[in-house]
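Enquirer: output the structure for:
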Amino acid sequence: MEELKSLFGEGSLSYDEFEQKLGEAGETIKLANLKSGNYVDKAKFEKVEKSLNDYQTKYTALQESTKDFEQVKASYDDITSKYNDLLKKQDETEKMSLINGANVNPKFAEFVYSKVASQVSDSKDFKTALDGYLKENPEFLKEKKGTFVDLQNGGQPTKSGNEKMNDLIRGRK
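Expert: Predicted structure coming up:
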């Protein structure tokens, strides 16, 4: 408003005088009819409006293309979980086969499995851990009755430690 006051000065102006003074003011004062929309460069406005519409279209297309994402992700997670469960069961089955193949007493198979599994690391696989554990703990192996012949006992099958102790206690040979 102060700019307009400077145009009028102390007196009044006719329309022609006002137009002349407005022209002299140059770029410092611009007047526009709000109804015509000239207060904003129409080309700039249309360019921004077109850009906004383009972004809105792209946003809507992206939203539409990703609407099933949560459902697909849930399916993927479910399949991945089932696959991992199958791998775990297969791994456990293979490890139990190793334990059974190592002649572990079936009564202690699960115990030996848990002990050996706790020893597995990046540097020690299950088979190596199993071999080491059974070497240190042979009491978990099945007894091998009748597989060795005691040549000092006339070729009779070797007796277990318990049988030998029982024979000593009972006074038998």
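
Enquirer: please count neighbours and contacts with C-alpha atoms only from this point.
Expert: Fine.

Enquirer: how about the strands of this protein, start to end?
Expert: Taking DSSP state E, the strands of the chain run over residues 149-150, 156-157.

Enquirer: which of those has the lowest average pLDDT?
Expert: Among the strands of the chain, strand 149-150 has the lowest mean pLDDT, at a mean of 53.

Enquirer: closest to the centroid, which residue in this protein?
Expert: For the chain, the residue nearest the mean C-alpha position is Asp77 (9.6 Å; Cα atoms, centre = their mean).

Enquirer: now it: how far from Glu64?
Expert: Look at Asp77 and Glu64: by Cα to Cα, to the nearest Å, they are 22 Å apart.

Enquirer: show me where pLDDT drops low in this protein?
Expert: 1, 26-28, 31-33, 36-40, 143-158, 172-173 (pLDDT under 70).

Enquirer: switch to 80 and redo it
Expert: When residues are selected by pLDDT under 80, those of the chain lie in 1-11, 21-42, 143-161, 171-173.

Enquirer: and it, what are its domains?
Expert: By the record's domain assignment, the chain is partitioned as 1-31, 75-140, 146-173 (automatic domain parsing).

Enquirer: mean neighbour count, these: which tops it?
Expert: Of these, the one with the most neighbours on average (mean count of other Cα atoms under 10 Å) is domain 75-140, at a mean of 14.
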